[in-house]
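1. One predicted model, sequence on top.
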There are 2 protein chains.
Amino acid sequence: MGDDNSIFIGAKPFMNYVTGVVMQFTTKGADTVTVKARGKFISRAVDVAEVSAKRFLEGSVLTKNIAINSEEFTNKEGKQVRVSTIEISLVRKDAA
Amino acid sequence: MGDDNSIFIGAKPFMNYVTGVVMQFTTKGADTVTVKARGKFISRAVDVAEVSAKRFLEGSVLTKNIAINSEEFTNKEGKQVRVSTIEISLVRKDAA
């Protein structure tokens, strides 16, 4: 049994994240990998999850759960701002 | 009982979509509203769903289901391309 692992999506090259997800499953033996993002990187997180599960790990990994939420924080100007978040859990089929 | 309605997210002003979602629930009496988007508009769809459910319809609407998928199509240059999609179902609490 592997640990549950998270990949946080940001501005690095797209394939870095896909490789990160794939390696968690293949070389680290993870059962679940959670792809997380905030704000404008949410679209990218969905792309990473889809490409990882459907192109690179097709047949062995599926999307188990998707959660969206909001985080509130105070920005540099002292203003209260809201940002959306997403967490996409990919799970190894034989562990589902 | 209202119909099940979809709001497709694009490049219009953000509040247009939020108003659309809120009005489906309030003036059209919908039980479920599905917020849909493709590609880069996915982040925006999550924002629309979060702001609608948590700011404008707080306490009366919740996120019931989120599905992600991929669509393949042939672009203008004749190349096969993949785009991610999202569908976020918001449901009236008393219909959940």
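-> Perfect, thanks for sending it.
2. Just list the residues touching residue A:51, thanks.
-> A:18, B:82 (C-beta atoms under 8 Å, 6 or more residues apart in numbering or on different chains). C-betas here are computed from N, CA, C, even on glycine.
3. Checking residue A:58 next. Helix, strand or coil?
-> Classification of residue A:58 by DSSP: H, G, I helix; E, B strand; the rest coil places it in coil.
4. What values do phi and psi take at it?
-> phi -50, psi 130 (degrees, to the nearest 10).
5. Equivalent analysis for residue A:35, please.
-> phi -90, psi 120.
6. That one reaches residue A:21, doesn't it?
-> Yes: applying C-beta atoms under 8 Å as the test, residue A:35 and residue A:21 come out as touching, 6.6 Å apart.
7. hang on, residue A:45 is in a strand, isn't it?
-> No: assigned with three-state DSSP, residue A:45 falls outside any strand and is helix.
8. what residues are up against it?
-> When contacts are counted by C-beta under 8 Å, 6+ apart, residue A:45 touches A:9, A:35-37, A:86, A:88.
9. try it again with 10 Å
-> A:7-10, A:17, A:35-38, A:66, A:85-88, B:42-43, B:46, B:68, B:84 (C-beta atoms under 10 Å, 6 or more residues apart in numbering or on different chains).
10. Same check on residue A:22?
-> Residue A:22 sits in contact with A:15, A:33, A:51-53, A:55-57, A:61, where contact means C-beta under 10 Å, 6+ apart.
11. Distance check, it against residue A:11.
-> Distance of residue A:22 to residue A:11, computed by C-beta to C-beta, to the nearest Å: 20 Å.
12. still on that earlier bit, ok, residue A:35 and residue A:21, which is more surrounded?
-> Neighbours per residue (other C-beta atoms under 10 Å in any protein chain shown) separate residue A:35 from residue A:21, with residue A:35 holding more: 29 against 26.
13. What pLDDT does the model give the more buried one?
-> Residue A:35 is assigned a pLDDT of 98 by the prediction.
14. what's the answer for residue A:77, then?
-> For residue A:77, the model assigns a pLDDT of 93.
15. circling back: which residues are in contact with both of residue A:35 and residue A:21?
-> Counting by C-beta under 10 Å, 6+ apart, the residues touching both residue A:35 and residue A:21 are A:5, A:7, A:9, A:48-49, A:52-53, A:88, A:90.
16. residue contacts, the spatially most central residue of chain A?
-> By C-alpha atoms, centre = their mean, chain A has its centre lying nearest to residue A:35, at 0.9 Å. The contact partners of residue A:35, taken as C-beta under 10 Å, 6+ apart, are A:5-9, A:17-18, A:20-21, A:44-50, A:52-53, A:63, A:66, A:86-90.
17. On the strand side of things, show who it bridges to.
-> Counting by DSSP bridges, residue A:35 is bridged to residue A:7, residue A:88.
18. Report the separation between it and residue A:88.
-> Relative to residue A:88, residue A:35 is positioned 4 Å away (criterion: C-beta to C-beta).
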